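1. have a look at this prediction, sequence included:
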Amino acid sequence: MTDIELRGLTKRFRTVAAVRDLTCTIKPGVTGFLGPNGAGKTTTLRMLLGLIRPTAGGAVIGGRAYRDLARPRRVVGALLEASGFHPGRTARQHLLATAESAGLARSRVDLVLDEVDLTADANRRVGGYSLGMRQRLGLAGALLGDPEVLILDEPANGLDPAGVAWLRALLRSLAGQGRTVLISSHVLAEVQQTVDRVLIVDDGTLRYAGPLTDLDNLESAFLRLTGSAS
Ligand SMILES: Nc1ncnc2c1ncn2[C@@H]1O[C@H](COP(=O)(O)OP(=O)(O)OP(=O)(O)O)[C@@H](O)[C@H]1O
C-alpha cells in the first residue's frame, strides 16, 4: 500500500502562481483530481513525477521523492499525454524499447498489450493509431512496471463510450488490488462513477479533499468550490 503525499507543494512561473501550498495525502483507491482549466492539475502531476521542480514544498510517493526512487517504473506508472511515440514504431516495439531501458522483463509487454486490448493492433505502426489507441498505448506504458501507484492525466481522453467503460473497470480493478490511482479529469459524470475520493483545485489552491460520498452532488459542489457557479 503506497501513499502519495503533497507537502506545501508550490509552483510559480514568473508572475503566475500555478500551484499554491498544496498539502494532502492520497491513499490507495481511485482519487479524482479536478479543477477548471488552468487550475494547476498538470503542473502538480509534473512535480509529482519529478519533471519540474517545485518553487517550495515537495511531493513524495511511498515516502520518497520520485527522483530518489531506485526503480521508478516499478513504483509509479504515469500517463501525461498520449504523444511522443515514434510514429514509425509499432506498439510492441515501443513497449519493448521502454521495457529494455527501464530494466523490465520483456514478458510484461504482451501482458500489458492484452490488458489494454491492443494485442490485435500491436504490430501496427503507432503513426496510424487513433487518439484512443494512442491513449491505450500510453496506459500500457504506465502499467509496464506493474506499479503500485498510477498517475494519469485525462486518461479517458479520446476513448469511445465502450473505451470509457473499459477504462472505468480497469481503474476499479487496479484499486481493488490495493493500488493508488490518481486521475485528472474534466468529465464529472465519469469521475462520479469511477472514483472513491476527490481533490478539487482552483487557482492553484486545494478547495476540497475527501470522499466522493461526502458531496451530495459532484457537479454543484465543483461549481460552488471553483467559483464557476452562475
Ligand atoms: N511552463 C509554463 N510556463 C508558464 N506558465 C505555465 C507553465 N505551465 C503552466 N503554466 C500556467 O500555470 C497555470 C496552471 O496550468 P496547468 O496546466 O497546471 O493547469 P491544468 O489544471 O492542468 O489545466 P487544464 O485543465 O486546462 O489542463 C496556468 O495559468 C498555466 O498557464
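-> Now that the structure is in, tell me what you want to look at.

2. contact residues of the chain facing the ligand?
-> Within the chain, the positions near the ligand by Cβ under 6 Å from any ligand atom are 13, 16, 18, 35, 37-43. Every residue, glycine included, has its C-beta placed from N, CA and C.

3. would you mark the buried spots in the helix ranked longest in the chain?
-> Longest helix in the chain, counting residues (DSSP state H): helix 161-176. Neighbour counts over helix 161-176 (16 or more other Cβ atoms under 10 Å) mark 163-164, 167-168, 170-172, 174-175 as buried.

4. want to throw the residues you listed into a markdown table with pLDDT and distance to Ala105?
-> As requested, the buried residues of helix 161-176 are arranged in a markdown table below (pLDDT from 0 to 100; distance: Cβ to Cβ, whole Å):
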| residue | pLDDT | distance to Ala105 |
| --- | --- | --- |
| Gly163 | 89 | 27 |
| Val164 | 92 | 30 |
| Leu167 | 93 | 25 |
| Arg168 | 95 | 28 |
| Leu170 | 94 | 21 |
| Leu171 | 95 | 24 |
| Arg172 | 96 | 26 |
| Leu174 | 95 | 19 |
| Ala175 | 96 | 24 |
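
5. tell me the SS of the residue nearest to the spatial centre of the chain?
-> Residue closest to the average C-alpha location in the chain (Cα atoms, centre = their mean): Leu152, at 1.3 Å. Secondary structure state of Leu152, per DSSP: H, G, I helix; E, B strand; the rest coil, is strand.

6. list the beta-bridge partners for it.
-> Leu79, Ile183 (DSSP bridges).

7. thought it was touching Arg179?
-> No - when contacts are counted by Cβ atoms under 8 Å, Leu152 is not listed as touching Arg179 (11.6 Å).

8. show me the shaky parts of this structure.
-> 82-83, 229-230 (pLDDT under 70).

9. helices along that one, start to end?
-> Under DSSP H, the chain gives helices at 41-48, 72-75, 91-102, 107-115, 131-143, 161-176, 188-194, 218-225.

10. please name the residues that touch the residue nearest to the centre of the chain.
-> Leu152 makes contacts with 78-79, 139, 142, 181-184, as judged by Cβ atoms under 8 Å, 6 or more residues apart in numbering.
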